[in-house]
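Chemist: can't give you the sequence, but here's the structure:
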């Protein structure tokens, strides 16, 4: 039976009421008294030397408050990178400067050159057109392999080359992997592209900077997934503002998917300009600007080899990847193709030897960083595609080949440095095969064929490392930040609870799911619990929301703080009932003394904490408020099995998704409705990557997909109703809720299912097609069928 | 600047606007009706859908002056008179048809226009009608389900929660 409250209940989302009535408060809805408007003049060439930026005529135009250029930011820091990767020779990565506004050179279309602040946006835009630029265009560095050739044009003249790093993992296994592959019965090789994507949250980025000269306080309203991280990065590394003088507020945020993790130039520029110009400064990104200034995702070119014995047992995996960094290092960019990608190359399988080589490359493109899944979709795609290809080459059923190699004993230490705590990959695959009626596929295919269509079935597994992550581990791996989470649980005198969390909700429904946990712990109604987040002035230092970490890390911090609160409340209850603290139990909002009929209500204890007339003041302080910082012992490892059925029109190459099923093991689940919704959204993004989305540049570095006219977002009629199942649950062993996180799974697991299905469909008609690069547009599928 | 007068959510309003001022900007900036959202600059995303004389219109495709004398409905005027959610809004909450909420006003306004012209749409008709509304969060599953439910159709057989 569905529960009607607490953990496991599909509680309806309380945040929905404001969103459904137009009462959400997004950053662009915020206007600060006296604000001026910023417009950024951006480079329209991919690579060029800035000879001069003449703002004199523009500055004299009506309404202009001020114009800032790169020179104005020479006295402050550049945008910092939060992760240093060490290459396979033990050397640090090459790390270029990233000025707030371009200095000396422009390095991608969209690189900001000048910031015009005026009384109105129209005036700012008009003035920007009057800025005289003298930019000497240079050859654009676009192709990653060409970028690494001797004598290639350099994106950064002060670096030795366009190579950010050449990473080997695990370097000590390199020769052993080479030997295993050389001696193997069969090696399946696949070369593929993981297409560049744009995250595209529906709310474009916004920044409003405000400065109070009387108090020397700066405030930034921004569309961020992690306001404390922005406060730290911008305050300490860019503008030199101590944290107690800088407040960052991320109110309702309209989706992030990774793209709102990073510290962006516009945030620093608006905060800086507000002080310089003595006016609040507001910038709202247009969608066109978003395409050329939000960090992009993916963009890997990979060769993977899978070695097997005669029975199909996996012996070794070797991968060679070029990963595009773009023109500068975005906040967490170096970690994505390395520690969030290489560590997942074991997948769900007991492959004893793995070697991953990644060359990260600078090009004249928008910086690339984490996008939903971040590194894990790239790992999953290549692994699950090569397994499918291997199954065909070996004549083994693709599901049987996977099952044969499943990891079945836990904990399991992979050869790529991570230890899976729990899982049951057969269980999720069993459930998947049941849901999709695999035996009925032949009949469905026959029916499609009778209608002149080709039908294919693609099945794959995935695993991800979520709940990012133990600080001491990520520190060893090069992170320049800790990855704990924080929560303050404040109990009011009348018993209501406010939780101030460092996690940030921008669609995930924390305002509903977090109270479900507290309600269960105390035994009060969910409506008695309120969540506060998104404001550095109100929440303790937190690392924010990404990497499917909110419930696993932020939820755990909240549990730890609530445990402290309950322990203190038990002391008070023991005093009130003149009992021993060890005998006090809390259930359904009542403290009782074990073995007696004595009880005192939650509200009586909380009142006593704030009106401490009858209170053990010599032992404990008044009040009932506790903070906890939770640093996990390990990542969590959600895993599952996905299946997609497609029909391909052989006349046009058009692919239609007929069904999509997902079985995920997320461990314990707080709100099943919200979890299903997270998977649905991830699936659409993965299907979008597989069939529709591609961020394309031409050879001169011009962005071809710069709007929704050219970048194909998935729409309602591109996707089916999904079948999702979360009944397989192996709880995480190292966090108090036993949860694993669910935000990214759908986007990680779904692209290979779609491509496997299309290849299956084409092969069923005798086409010798083993791979098509995403997105599988009608043109690409038709060409593959017709020998293109 | 020119004076424009229209009825918004049943209330007569007027303002001074430039010829180039879009209806979306007039609603957001002059009337402070910030529930109408701007998600793109090519009239693709549908976050700004409002009703003009009963028709669903992307408010970014129309100048404020073009709405002179029109009856305009926005998300702020959709709830029942007592402030409770209307049937479509309630179905969106019941079936988790929204996550970040940014596309939601446009979705609700489009859904209302659809159900007005087609009170019992099929799944395919709903998906086709929503081609002009992009959602990045929900994968559309629960939006389509919510609209089916709001039209009084049984959604209990649709997979998942």
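Modeler: Arrived safely. Keep in mind that this is a model prediction, so the values were computed, not measured.
Chemist: can you give me the strands for chain B?
Modeler: With strands called from DSSP state E, chain B shows them at B:2-8, B:11-17, B:49-52, B:55-58, B:71-73.
Chemist: Could you check the angle the first one makes with strand B:11-17?
Modeler: Note on geometry: by axes from the mean of the first three to the mean of the last three C-alpha atoms, to 10 degrees, strand B:2-8 and strand B:11-17 are set 160 degrees apart in direction.
Chemist: Can you tell me which of the strands of chain B is most buried?
Modeler: Most buried of these by mean neighbour count (mean count of other C-beta atoms under 10 Å in any protein chain shown) is strand B:49-52; its value is a mean of 24. No exception for glycine: its C-beta is placed from N, CA and C like everyone else's.
Chemist: so what's residue B:77 up against?
Modeler: Counting by C-beta atoms under 8 Å, 6 or more residues apart in numbering or on different chains, residue B:77 touches B:8, B:9, B:10.
Chemist: Assign residue A:473 to helix, strand or coil.
Modeler: helix (DSSP: H, G, I helix; E, B strand; the rest coil).
Chemist: Now do it against residue A:465, distance only.
Modeler: 11 Å (C-beta to C-beta, to the nearest Å).
Chemist: out of these two, which sits in the busier spot?
Modeler: A count of neighbours by other C-beta atoms under 10 Å in any protein chain shown puts residue A:465 above the other of residue A:473 and residue A:465, at 23 against 18.
Chemist: quick one: contacts for the closest residue to that one other than its chain neighbours?
Modeler: Once flanking residues are discounted, residue A:465 sits nearest to residue A:635: 4.0 Å by C-beta to C-beta, 6 or more residues apart in numbering or on different chains. With contact set as C-beta under 8 Å, 6+ apart, residue A:635 has these partners: A:418, A:465, A:466, A:467, A:468, A:469, A:470.
Chemist: and the third one, how many neighbours?
Modeler: By that I understand residue A:466. Residue A:466 has 28 nearby residues by other C-beta under 10 Å.
Chemist: before we move on, what about residue A:50?
Modeler: Using other C-beta under 10 Å: residue A:50 sits among 19 other residues.
Chemist: in the sheet, who's paired with it?
Modeler: Residue A:50 has these beta-bridge partners by DSSP bridges: residue A:135.
Chemist: Just the closest residue of the stretch 251-400 of chain A to chain B, please.
Modeler: Across the stretch 251-400 of chain A, the shortest distance to chain B (C-beta to the nearest C-beta) belongs to residue A:254, at 3.0 Å.
Chemist: touching chain B at all, stretch A:693-711?
Modeler: Yes. If you take C-beta under 8 Å from any C-beta of the partner chain as the test, stretch A:693-711 does meet chain B, through A:707, A:708, A:709.
Chemist: Buried by neighbour count: which residues of stretch A:131-142 qualify?
Modeler: A:131, A:133, A:135, A:138, A:140, A:141, A:142 (16 or more other C-beta atoms under 10 Å in any protein chain shown).
Chemist: quick one: terminal-to-terminal distance for it?
Modeler: 28 Å (C-alpha to C-alpha, to the nearest Å).
Chemist: follow-up on the earlier one: so the residue of the stretch 251-400 of chain A closest to chain B sits against residue A:223, correct?
Modeler: Yes. Taking contacts as C-beta atoms under 8 Å, residue A:254 lies within contact range of residue A:223: 7.4 Å.
Chemist: and for the two, which residues touch both?
Modeler: Joint contacts of residue A:254 and residue A:223 (C-beta under 8 Å, 6+ apart) are A:26, A:203.
Chemist: Just the helices from the stretch 101-250 of chain A, written as ranges.
Modeler: A:121-129, A:144-147, A:174-182, A:227-232 (DSSP state H, counting those that start in this stretch).
Chemist: so which of those helices gets nearest chain B?
Modeler: Nearest of those (C-beta to the nearest C-beta): helix A:121-129, 8.0 Å.
Chemist: circling back: just put the helices of the stretch 101-250 of chain A in TSV and tack on mean pLDDT and mean neighbour count.
Modeler: TSV is the format used below for the helices of the stretch 101-250 of chain A (pLDDT from 0 to 100; neighbours: other C-beta atoms under 10 Å in any protein chain shown):
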stretch	mean pLDDT	mean neighbour count
helix A:121-129	97	19
helix A:144-147	98	17
helix A:174-182	98	16
helix A:227-232	97	25
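Chemist: how about a markdown table for those, with distance to residue A:397 added?
Modeler: Output for the helices of the stretch 101-250 of chain A, formatted as a markdown table (distance: least, C-beta to C-beta, whole Å):
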| stretch | distance to residue A:397 |
| --- | --- |
| helix A:121-129 | 60 |
| helix A:144-147 | 36 |
| helix A:174-182 | 24 |
| helix A:227-232 | 46 |
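Chemist: May I see those helices arranged in a markdown table, with distance to chain B as well?
Modeler: As requested, the helices of the stretch 101-250 of chain A are exported to a markdown table (distance: least, C-beta to the nearest C-beta, whole Å):
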| stretch | distance to chain B |
| --- | --- |
| helix A:121-129 | 8 |
| helix A:144-147 | 28 |
| helix A:174-182 | 38 |
| helix A:227-232 | 16 |
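Chemist: Please name the bridge partners of residue A:725.
Modeler: residue A:663.
Chemist: Tally up the residues packed near it, please.
Modeler: Around residue A:725 there are 21 residues (other C-beta under 10 Å).
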